[in-house]
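J.: Pasting the sequence and the predicted coordinates here, then a few questions.
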Amino acid sequence: MKKDIKVLGTGCPKCKQLDKAVREVVAENSIDAEVTKVEDIVEIMNYGIMSTPALVIDNKVVIKGYVPSKDEILKKISEV
């Protein structure tokens, strides 16, 4: 089943770093996923996020407020 992955962030360096890391993890592990970058502050706030960046997998917020390691990103994608 295809994963729906969203990177929430307004475009700050950490948000871009998380977006890049998520896309690399998906590509390196041949994960069937659609990765979307969400920069709209209203949409971000709809997830209850006050500190970016954040990672949402299948509508579940799994990481917020920091840039995780690639291993942690892979683990979170596998868990959801």
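T.: Arrived safely, thanks for sending.
J.: Compute the number of surrounding residues for the residue nearest to Cys12 when sequence neighbours are not counted.
T.: Leaving aside its sequence neighbours, Cys12 sits nearest to Thr52 (CB to CB, 6 or more residues apart in numbering; 6.8 Å). No exception for glycine: its C-beta is placed from N, CA and C like everyone else's. Using other CB atoms under 10 Å, Thr52 is surrounded by 21 other residues.
J.: Ok, Cys12 next?
T.: Neighbour count for Cys12, taken as other CB under 10 Å: 11.
J.: May I ask you to confirm that Asp19 is in contact with Val7?
T.: Yes: counting by CB atoms under 8 Å, Asp19 does reach Val7; the two are 4.4 Å apart.
J.: need the contact list for the residue nearest to Cys12.
T.: Counting by CB atoms under 8 Å, 6 or more residues apart in numbering, Thr52 touches Leu8, Gly9, Thr10, Cys12, Lys14, Cys15, Ile44, Lys64, Gly65.
J.: where do the contact lists of Asp19 and Val7 overlap?
T.: Contact with both Asp19 and Val7 is made by residues Val35, Lys37, Pro53, according to CB under 8 Å, 6+ apart.
J.: which element follows the helix or strand of the chain with the lowest mean pLDDT toward the C-terminus?
T.: The helix or strand of the chain with the poorest confidence is helix 41-46; it has a mean of 94 (mean pLDDT, DSSP states H and E). Counting by DSSP states H and E, the next helix or strand C-terminal to helix 41-46 is strand 54-57.
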